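S.K.: A predicted structure for the sequence below; I have some questions about it.
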Amino acid sequence: MGAYQADGMYEYRDQEMTMSLPSYLRPKKGMRYFAPHRPKARGPGVLSVAVELLREEHRTDAIRRTLIQARDVSWLDVDERVLQKGKPAYLPDGLELLSSSHNSANGDVFHTYHVLFPLCSVYVYVTVFGNGDLDDFTALCRTMVASVRVEDAGMSRD
């Protein structure tokens, strides 16, 4: 799985990629989906992370269009608001979408961060879901994304 780091993060590693993740997130079998071992035991923060390495242009284009066309949505008691969309400063060739949802029936507030960016010969698509302080959530998302390395004939983003 990976080595633990002093900052509460550990390095996840598989045959194709490495990435720093909060120590309470664990990979689920057979996929790059990470969640707490016991979701109810975790307080505010990142609740899940999903990572895809995309090699098919049609999948990359579909995700790019979805991120670009994202809009505010209200449905029943939930209001989803786009907070940030466009090129992130830390990934000049990337595209990010940060949104927050509020459920007026129970007061729940959740955040979602999506980012798509080229790395070596693939596109990396990361989705992060969480709650708590928005600035802390966003900073942790960007830290995780910036740590992604893809094994591609000895190449990585550095």
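M.R.: Great, that's in hand. All figures in this text were calculated on a predicted structure; none of them were measured in a lab.
S.K.: didn't Tyr123 look like it was pressed against Thr60?
M.R.: Yes: with contacts defined as C-beta atoms under 8 Å, Tyr123 counts as touching Thr60 at a distance of 4.6 Å. In short, each C-beta sits where N, CA and C put it, glycine included.
S.K.: more neighbours: which of these two?
M.R.: Between Tyr123 and Thr60, counted using other C-beta atoms under 10 Å, the more crowded position is Tyr123 (24 against 17).
S.K.: in the protein, which spans are strands?
M.R.: Assigned by DSSP state E, the strands in the chain fall at 9-13, 17-22, 25-27, 33-36, 45-54, 73-75, 78-86, 95-103, 109-119, 122-131, 149-150.
S.K.: for the fourth one, which strands pair with it and how are they oriented?
M.R.: Each strand pairing with strand 33-36, determined using DSSP bridges, is listed with its direction: strand 25-27 (antiparallel), strand 45-54 (antiparallel).
S.K.: how about TSV for the strands of the chain, with distance to Leu140 and mean pLDDT added?
M.R.: As requested, the strands of the chain are arranged in TSV below (distance: least, C-beta to C-beta, whole Å; pLDDT from 0 to 100):
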stretch	distance to Leu140	mean pLDDT
strand 9-13	9	93
strand 17-22	7	95
strand 25-27	11	90
strand 33-36	13	92
strand 45-54	6	94
strand 73-75	25	94
strand 78-86	15	96
strand 95-103	12	97
strand 109-119	9	96
strand 122-131	8	96
strand 149-150	18	94
